[in-house]
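Enquirer: Using only what follows, build the 3D model:
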Amino acid sequence: MSDEVLRSFRRNAVHVRQALALPASGSVRVNVDGGYLQDADAIERYKRMSIPVRRALNSTDRASFSQALVALGQSGGADLARVTTEWTALQHELDGTVGLGGGKVPRRQILAGWLEAAAFYDKLDRDRAYDRLVDQWGKAAENIGVQLTEEAARVILLLDELAASALGEPLILPPPAKTPPPPPDPKESIWKRMFKRRETID
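Expert: Next comes the predicted model:
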(Lines give C-alpha, C1' and ligand atoms only; values in the text may rest on other atoms or scores of the structure.)
Protein backbone atom coordinates (compact mmCIF):
# COMPACT_ATOMS: atom_id res chain seq x y z
CA MET A 1 0.00 0.00 0.00
CA SER A 2 2.79 2.45 0.88
CA ASP A 3 4.52 1.76 -2.44
CA GLU A 4 1.28 2.41 -4.28
CA VAL A 5 0.91 5.78 -2.48
CA LEU A 6 4.49 6.73 -3.37
CA ARG A 7 4.00 5.76 -7.01
CA SER A 8 0.83 7.87 -7.24
CA PHE A 9 2.72 10.80 -5.74
CA ARG A 10 5.63 10.32 -8.15
CA ARG A 11 3.42 10.05 -11.25
CA ASN A 12 1.91 13.38 -10.26
CA ALA A 13 5.23 15.00 -9.32
CA VAL A 14 6.64 14.25 -12.78
CA HIS A 15 4.27 16.89 -14.19
CA VAL A 16 5.60 19.44 -11.70
CA ARG A 17 9.15 18.63 -12.80
CA GLN A 18 8.23 18.96 -16.49
CA ALA A 19 6.54 22.32 -15.89
CA LEU A 20 9.57 23.66 -14.02
CA ALA A 21 11.77 22.62 -16.95
CA LEU A 22 9.87 25.00 -19.23
CA PRO A 23 11.44 28.42 -19.88
CA ALA A 24 10.90 30.66 -16.88
CA SER A 25 9.81 34.26 -17.05
CA GLY A 26 12.60 36.78 -16.52
CA SER A 27 10.61 38.10 -13.57
CA VAL A 28 8.59 36.34 -10.91
CA ARG A 29 5.74 38.63 -11.90
CA VAL A 30 3.79 37.70 -14.99
CA ASN A 31 3.10 40.75 -17.15
CA VAL A 32 -0.51 41.83 -17.38
CA ASP A 33 -1.98 44.12 -20.02
CA GLY A 34 -5.67 44.97 -19.94
CA GLY A 35 -6.45 41.95 -17.77
CA TYR A 36 -4.56 39.48 -19.96
CA LEU A 37 -1.48 37.51 -19.00
CA GLN A 38 1.17 38.38 -21.58
CA ASP A 39 4.15 36.08 -20.92
CA ALA A 40 3.42 32.96 -23.01
CA ASP A 41 6.19 30.93 -21.32
CA ALA A 42 4.93 31.81 -17.85
CA ILE A 43 1.33 31.05 -18.82
CA GLU A 44 2.26 27.55 -20.00
CA ARG A 45 4.58 26.97 -17.04
CA TYR A 46 1.96 27.72 -14.39
CA LYS A 47 -0.93 26.22 -16.35
CA ARG A 48 0.90 22.88 -16.47
CA MET A 49 2.07 23.16 -12.86
CA SER A 50 -1.25 24.17 -11.33
CA ILE A 51 -3.13 20.86 -11.39
CA PRO A 52 -0.32 18.59 -10.07
CA VAL A 53 0.54 21.13 -7.34
CA ARG A 54 -3.11 21.33 -6.36
CA ARG A 55 -3.32 17.53 -6.19
CA ALA A 56 -0.20 17.30 -4.03
CA LEU A 57 -1.59 19.90 -1.60
CA ASN A 58 -4.93 18.08 -1.29
CA SER A 59 -4.57 15.65 1.63
CA THR A 60 -7.39 13.41 0.34
CA ASP A 61 -5.94 13.00 -3.18
CA ARG A 62 -4.14 9.75 -4.06
CA ALA A 63 -1.12 11.85 -5.04
CA SER A 64 -1.07 13.99 -1.90
CA PHE A 65 2.17 15.10 -0.30
CA SER A 66 0.99 14.31 3.23
CA GLN A 67 0.07 10.70 2.35
CA ALA A 68 3.44 10.17 0.62
CA LEU A 69 5.22 11.61 3.66
CA VAL A 70 3.45 9.12 5.96
CA ALA A 71 4.14 6.27 3.51
CA LEU A 72 7.87 6.95 3.66
CA GLY A 73 7.77 6.57 7.44
CA GLN A 74 11.24 6.71 8.94
CA SER A 75 13.00 5.31 5.87
CA GLY A 76 14.23 8.72 4.75
CA GLY A 77 16.36 9.44 7.83
CA ALA A 78 17.83 12.93 8.08
CA ASP A 79 16.74 13.81 4.54
CA LEU A 80 13.13 13.01 5.40
CA ALA A 81 13.39 15.17 8.52
CA ARG A 82 14.61 18.08 6.38
CA VAL A 83 11.74 17.65 3.90
CA THR A 84 9.26 17.43 6.78
CA THR A 85 10.63 20.70 8.16
CA GLU A 86 10.28 22.36 4.74
CA TRP A 87 6.71 21.06 4.40
CA THR A 88 5.77 22.28 7.90
CA ALA A 89 7.22 25.72 7.11
CA LEU A 90 5.17 25.87 3.89
CA GLN A 91 1.99 24.94 5.76
CA HIS A 92 2.72 27.60 8.37
CA GLU A 93 3.16 30.18 5.60
CA LEU A 94 -0.08 29.10 3.89
CA ASP A 95 -1.97 29.41 7.18
CA GLY A 96 -0.75 32.98 7.57
CA THR A 97 -2.70 35.96 6.23
CA VAL A 98 -1.89 38.93 4.04
CA GLY A 99 -3.72 42.22 3.62
CA LEU A 100 -5.57 42.26 0.28
CA GLY A 101 -8.79 43.88 -0.89
CA GLY A 102 -9.26 45.74 2.37
CA GLY A 103 -9.05 42.65 4.59
CA LYS A 104 -6.85 39.83 5.82
CA VAL A 105 -6.83 36.87 3.42
CA PRO A 106 -5.24 33.47 4.18
CA ARG A 107 -2.38 32.76 1.78
CA ARG A 108 -3.80 29.27 1.30
CA GLN A 109 -6.97 30.81 -0.13
CA ILE A 110 -4.95 33.03 -2.47
CA LEU A 111 -2.91 30.06 -3.65
CA ALA A 112 -6.07 28.02 -4.30
CA GLY A 113 -7.53 30.90 -6.32
CA TRP A 114 -4.31 31.34 -8.30
CA LEU A 115 -4.00 27.62 -9.07
CA GLU A 116 -7.57 27.58 -10.37
CA ALA A 117 -6.96 30.74 -12.41
CA ALA A 118 -3.79 29.26 -13.93
CA ALA A 119 -5.36 25.85 -14.61
CA PHE A 120 -8.32 27.27 -16.50
CA TYR A 121 -6.69 30.34 -18.02
CA ASP A 122 -7.88 30.94 -21.56
CA LYS A 123 -7.37 34.31 -23.23
CA LEU A 124 -10.44 33.75 -25.42
CA ASP A 125 -12.70 32.79 -22.51
CA ARG A 126 -14.97 35.62 -21.39
CA ASP A 127 -15.57 34.14 -17.91
CA ARG A 128 -11.96 33.95 -16.79
CA ALA A 129 -10.94 32.66 -13.37
CA TYR A 130 -7.89 34.93 -13.64
CA ASP A 131 -10.03 38.06 -14.00
CA ARG A 132 -12.14 37.01 -11.02
CA LEU A 133 -8.95 36.57 -8.98
CA VAL A 134 -7.73 40.08 -9.87
CA ASP A 135 -11.18 41.60 -9.32
CA GLN A 136 -11.38 40.08 -5.85
CA TRP A 137 -7.88 40.70 -4.52
CA GLY A 138 -6.02 42.85 -7.05
CA LYS A 139 -2.95 42.00 -9.11
CA ALA A 140 -0.85 41.45 -5.97
CA ALA A 141 -2.67 38.12 -5.57
CA GLU A 142 -1.01 36.93 -8.77
CA ASN A 143 2.45 37.67 -7.40
CA ILE A 144 1.69 35.87 -4.14
CA GLY A 145 0.19 32.91 -6.01
CA VAL A 146 3.25 32.56 -8.26
CA GLN A 147 5.64 32.69 -5.29
CA LEU A 148 3.66 30.09 -3.28
CA THR A 149 3.34 27.81 -6.31
CA GLU A 150 7.11 27.83 -6.80
CA GLU A 151 7.69 27.14 -3.10
CA ALA A 152 5.22 24.24 -3.10
CA ALA A 153 6.76 22.80 -6.28
CA ARG A 154 10.25 22.92 -4.73
CA VAL A 155 9.12 20.97 -1.64
CA ILE A 156 7.20 18.46 -3.79
CA LEU A 157 10.35 17.68 -5.77
CA LEU A 158 12.40 17.27 -2.58
CA LEU A 159 10.00 14.54 -1.45
CA ASP A 160 9.98 13.08 -4.96
CA GLU A 161 13.73 12.46 -4.67
CA LEU A 162 13.21 10.46 -1.47
CA ALA A 163 10.27 8.55 -2.95
CA ALA A 164 12.36 7.63 -6.01
CA SER A 165 15.12 6.30 -3.75
CA ALA A 166 12.66 4.32 -1.60
CA LEU A 167 11.08 2.71 -4.67
CA GLY A 168 14.40 2.10 -6.42
CA GLU A 169 13.21 4.15 -9.39
CA PRO A 170 15.18 6.67 -11.47
CA LEU A 171 14.68 10.26 -10.41
CA ILE A 172 13.56 11.23 -13.92
CA LEU A 173 10.81 8.82 -14.83
CA PRO A 174 10.60 7.62 -18.43
CA PRO A 175 7.61 8.88 -20.43
CA PRO A 176 4.50 6.74 -19.98
CA ALA A 177 3.82 4.10 -22.60
CA LYS A 178 1.46 5.18 -25.36
CA THR A 179 -2.07 3.90 -25.01
CA PRO A 180 -2.62 1.18 -27.62
CA PRO A 181 -5.38 1.83 -30.18
CA PRO A 182 -8.77 0.26 -29.39
CA PRO A 183 -9.56 -3.06 -31.05
CA PRO A 184 -11.52 -2.83 -34.31
CA ASP A 185 -15.29 -2.82 -34.13
CA PRO A 186 -16.45 -6.24 -35.40
CA LYS A 187 -19.52 -4.57 -36.90
CA GLU A 188 -17.39 -2.19 -38.95
CA SER A 189 -16.82 -3.14 -42.60
CA ILE A 190 -13.31 -4.12 -43.70
CA TRP A 191 -13.30 -1.26 -46.21
CA LYS A 192 -13.92 1.31 -43.48
CA ARG A 193 -11.10 -0.20 -41.39
CA MET A 194 -8.70 0.01 -44.32
CA PHE A 195 -9.69 3.64 -44.95
CA LYS A 196 -9.04 4.53 -41.27
CA ARG A 197 -5.66 2.79 -41.34
CA ARG A 198 -4.67 4.70 -44.45
CA GLU A 199 -5.67 8.01 -42.80
CA THR A 200 -3.46 7.15 -39.79
CA ILE A 201 -0.47 6.37 -42.01
CA ASP A 202 -0.92 9.56 -44.04
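
Enquirer: Okay, and the residue nearest the centre of the chain sits in which element?
Expert: The chain has Pro52 as the residue nearest its centroid, 2.7 Å off, counting by CA atoms, centre = their mean. Taking DSSP states H and E as the definition, Pro52 sits inside helix 40-57.

Enquirer: Now do the helices in the chain.
Expert: For the chain, the helices defined by DSSP state H cover 2-20, 40-57, 65-72, 77-95, 107-119, 129-137, 140-167, 190-201.

Enquirer: between those helices, which one is nearest to Pro174?
Expert: helix 2-20 (9.7 Å; CB to CB). C-beta: built from backbone N, CA, C; applies to glycine.

Enquirer: Let's test this: mean pLDDT of the closest one, rounded?
Expert: With pLDDT averaged residue by residue, helix 2-20 scores 94.

Enquirer: Low-confidence bits of this structure, can you list those?
Expert: For the chain, the stretches with pLDDT under 70 are 1, 24-40, 74-76, 123-127, 176-202.

Enquirer: Find the nearest non-adjacent residue to Ala129, please.
Expert: Ala117 (4.2 Å; CB to CB, 6 or more residues apart in numbering).

Enquirer: re the thing from before, please work out which residues outside the helix holding Pro52 touch it.
Expert: 9, 12-13, 15-16, 18-20, 22-25, 30, 37, 61, 63-65, 111-112, 114-116, 118-119, 121, 146, 149, 152-153, 156 (CB atoms under 8 Å, 6 or more residues apart in numbering).

Enquirer: got the contact list for Val70?
Expert: Val5.

Enquirer: still on that earlier bit, what would the helices of the chain look like in JSON lines with distance to Pro175?
Expert: As requested, the helices of the chain are exported to JSON lines (distance: least, CB to CB, whole Å):
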{"stretch": "helix 2-20", "distance to Pro175": "9"}
{"stretch": "helix 40-57", "distance to Pro175": "15"}
{"stretch": "helix 65-72", "distance to Pro175": "22"}
{"stretch": "helix 77-95", "distance to Pro175": "26"}
{"stretch": "helix 107-119", "distance to Pro175": "22"}
{"stretch": "helix 129-137", "distance to Pro175": "30"}
{"stretch": "helix 140-167", "distance to Pro175": "16"}
{"stretch": "helix 190-201", "distance to Pro175": "21"}
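
Enquirer: what about the ones you listed, which gets the closest to Gly101?
Expert: Closest approach to Gly101 among the helices of the chain is made by helix 129-137 (4.9 Å; CB to CB).

Enquirer: Great, nothing more from me.
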